[in-house]
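> sequence and predicted structure, then a few things I'm wondering about:
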Amino acid sequence: MREYVRNGRVMTAILDDKAEALGDKVFVRDRTSRLTYGELSVAANRVANFLIGELGAGKDDKIAVMLDNGVDFFRAQFGIAKSGAVMVPINVMAKGNLLSHLFNNSGARIAIVEERFLPAIDAVATAIPTLETLLVRPAAPAARPAAPAQRTFKVLAFGDLFTGSTRQPPPAPAWCDPVDIFYTSGSTGVSKGVVLTHNHHYTFGLTIARSARLGPDDVMYVCLPMYHGMSSYMSIMPMLLCGGSVVLGGLFSASKWLDEIRQSGATVTWAVYSMAAILMKQPARPDDADNPLAVYLYTGMPADIVAPLERRFGVKAIEFFGSTESAGLAYTPWDQRRPGAIGRINREYFEVKVVDENDEEVPTGEIGECVSRCKYPHTQMKEYYRMPEETAKLFRNCWLHSGDLCRVDADGWIYFVGRSKDTIRRRGENISCYELETTLSGHHDVAECAAVAVPSEVGEDEVKVFIAARDGASLDLLDVLRFCEDKMPKFMVPRYLEVLPEIPKLPNHKIDKVTLTRQGLNAQTWDAERGAFLEQVLGAGATAQRAGPAHEH
């Protein structure tokens, strides 16, 4: 596998290099289209030249992308990178306050979006004054979206992107330049924009390709949304470096997953947290191992199902540990595994240690916060965009603080213990408790609320909120749920709700989340999936408070 130095590490420079050697080889395909290395290189030139020449996009301009999985995402991503601008992938479920925050914090003045997301954008149009131009990918290929009068921004057809020149656009970005901003849920505030460089993507991709022993015959199957780093640079870069291919399947479905693996010819895939547990709940079949998959890359799979999954599907499971901010701090070596460990520290690129509350290193084997720093420039995040105080806090005492509680043994194997941050991990999405609570507090009958994580039946967490009603108000939990569904992305909408006379506080008047977490699920908890209180579900008798008819969530 060829290695690159300095400006050779630019994502688009690697694409152009591969296009010269592998021009006619398919690099990415979805269910209806495909792009060769050469075609993607030319398409990226067209997009970049249109953005520069027609829209005035320049170095470090921010361009939001809100597209479904497909080869058009690749055209947009590589075209934005070639223009020197910075891509801001937007969670396609974002709406309301979260959506306006993503636009406003990034300052994106151009956005490339699916037509079906226009209602969500229109709903916050007056709150995103920086947005000037929308390029809309229509639901019907020949259609051209109209521009309602209330929009203050210009609307162009998606096809206009590809009307630029095929020449190489100047100037070429540098290896240390930012290439995209991925938003990660804030632990004590709004979502933060993690600024990542070309070199970050290169080193992360190289580590993945090496650890998974990838080569030109490998095919990466992607069934996670492209606004995730795992589907974006963590899938694209290793395959670009090894000269392999990417195939975009439908969004994850346990019942269809194995069929899509077989149909795509995939040899490697990425999976988050609960996916493996959900797959293992599917009825086993004698031919489960009859598939082309060789490597199953993952984060956070329950330890007790790793070996059974490997046996059942005939794969090598390799775990990675890190975050959007820190990159891949540790991974499971190909021929080694240690019970309970989530990997061995990636000492080629990082220094990692476990510290106490004063940032002093704890003795080997003791629990503390995992902190890290890179051995080479631009290997971890550059900054939290437009959040200097949060950036300084993250990098205090010259170490990146992960918020992960871990321990490390004498051989450099790392063991995950828990999280110190106020976030919830639900089916591959990080949820900011602050953002959820701030939104829910906008309900007219809610005086105060608190969100906590409770265990899910398929691994990771479910969301539970405790609510105190305003004086004189009588909370209708079904109405609260509908409010959440209207104001929040689907992944943030709580499954469990419980009404309390008041929210417990610590002496410093902060919410006592330890006490609330210990309460967990109880008879007074309302389960939105079942449309019933748990005491009804468990047969514990009637309840005095009703939540209305059953509601599918």
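Structure received.

> quick one: contacts for the closest residue to R167 other than its chain neighbours?
Beyond its immediate neighbours in the sequence, the residue positioned closest to R167 (C-beta to C-beta, 6 or more residues apart in numbering) is N45, lying 6.5 Å away. For the C-beta atoms, the positions are set from N, CA and C on the backbone; glycine is no exception. Contacts for N45 (C-beta atoms under 8 Å, 6 or more residues apart in numbering) come out as 79, 82, 164-169.

> spell out the secondary structure type for the residue lying closest to S165 once chain neighbours are set aside.
Using C-beta to C-beta, 6+ apart and skipping residues adjacent in sequence, the residue nearest S165 is N49, 4.4 Å away. Taken by DSSP: H, G, I helix; E, B strand; the rest coil, the conformation at N49 corresponds to helix.

> show me where the stretch 201-350 of the chain has its strands.
If you assign secondary structure with DSSP state E, counting those that start in this stretch, the strands in the stretch 201-350 of the chain sit at 219-222, 245-248, 268-272, 295-299, 316-323, 327-331, 343-345, 350-355.

> and these: which comes nearest F416?
Counting by C-beta to C-beta, F416 lies closest to strand 316-323 out of those; the figure is 6.9 Å.

> show me what that closest one is packed up against.
Using 3 or more C-beta pairs under 8 Å, 6 or more residues apart in numbering; DSSP states H and E as the contact test, the elements touching strand 316-323 are helix 198-211, strand 295-299, helix 306-313, strand 327-331, strand 343-345.

> quick revisit: so which of the strands of the stretch 201-350 of the chain is nearest V306?
Each of the strands of the stretch 201-350 of the chain was scored for nearness to V306 using C-beta to C-beta, and the closest is strand 316-323 (5.3 Å).

> give me the mean pLDDT for the closest one.
Model confidence over strand 316-323, given as mean pLDDT, is 94.

> returning to that earlier point: just the buried ones from the contacts of N45?
By the neighbour-count criterion of 16 or more other C-beta atoms under 10 Å, these include these buried positions: 79, 82, 164, 169.

> where in the stretch 401-550 of the chain is pLDDT low?
With pLDDT under 70 as the threshold, the stretch 401-550 of the chain has low-confidence stretches at 418-421, 506-510, 535-550.

> ranges for the helices of it?
For the stretch 401-550 of the chain, the helices defined by DSSP state H, counting those that start in this stretch cover 433-440, 477-487, 513-519, 534-537.

> deepest of those helices, which one?
Per residue and on average, the most neighbours among the helices of the stretch 401-550 of the chain fall to helix 433-440, with a mean of 20 (mean count of other C-beta atoms under 10 Å).

> quick one: stretch 76-85 to chain centroid distance?
Shown here is stretch 76-85, whose average C-alpha point lies 20 Å from the average C-alpha point of the whole chain (C-alpha atoms, centre = their mean, to the nearest Å).

> now swap in stretch 102-111 and tell me
With C-alpha atoms, centre = their mean as the basis, the mean position of stretch 102-111 lies at 18 Å from the chain mean.

> can you list contacts of it?
Everything outside stretch 102-111 that qualifies as a contact, by C-beta under 8 Å, 6+ apart, is 51, 55, 57, 61-66, 88, 90-91, 94, 121, 124, 127-128, 130-135, 181, 183, 190-191, 193, 385-387.

> are any of these buried, and which?
Burial by neighbour count, 16+ other C-beta under 10 Å: within those this picks out 51, 55, 57, 61-66, 88, 90-91, 94, 121, 124, 128, 131, 133-135, 181, 183, 190-191, 193, 385, 387.

> what segments of the stretch 51-200 of the chain are strands?
Counting by DSSP E, counting those that start in this stretch, the segments of the stretch 51-200 of the chain that form strands are 62-66, 86-89, 110-114, 133-137, 154-157, 178-184, 192-197.

> before we move on, back to that, can I get the buried ones among the contacts of N45 in JSON lines with pLDDT?
Compiled in JSON lines, those are given as follows (pLDDT from 0 to 100):
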{"residue": "G79", "pLDDT": "98"}
{"residue": "K82", "pLDDT": "97"}
{"residue": "G164", "pLDDT": "97"}
{"residue": "P169", "pLDDT": "95"}
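
> mind putting the residues you listed into CSV with distance to G403?
Compiled in CSV, those are given as follows (distance: C-beta to C-beta, whole Å):
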residue, distance to G403
G79, 35
K82, 35
G164, 42
P169, 39
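
> rounded mean pLDDT for the helix or strand the residue nearest to R167 falls within, please.
Per DSSP states H and E, N45 falls inside helix 37-53. Confidence for helix 37-53, expressed as mean pLDDT, is 98.

> starting at the chain centroid, how far to that helix?
Put simply, helix 37-53 sits 26 Å off its chain's centre (C-alpha atoms, centre = their mean).

> ditto for stretch 516-525
With C-alpha atoms, centre = their mean, you get 29 Å for stretch 516-525.

> and stretch 5-13, by the same measure?
The answer for stretch 5-13 is 24 Å, by C-alpha atoms, centre = their mean.

> just give me the neighbour total for E429.
E429 is surrounded by 19 other residues when neighbours are defined as other C-beta atoms under 10 Å.

> give me the beta-bridge partners of it?
R426 (DSSP bridges).

> wait, isn't it in contact with V493?
No. Judged on C-beta atoms under 8 Å, E429 makes no contact with V493 at a distance of 11.3 Å.

> what is in contact with the two at once?
Where contact means C-beta under 8 Å, 6+ apart, no residue is in contact with each of E429 and V493.
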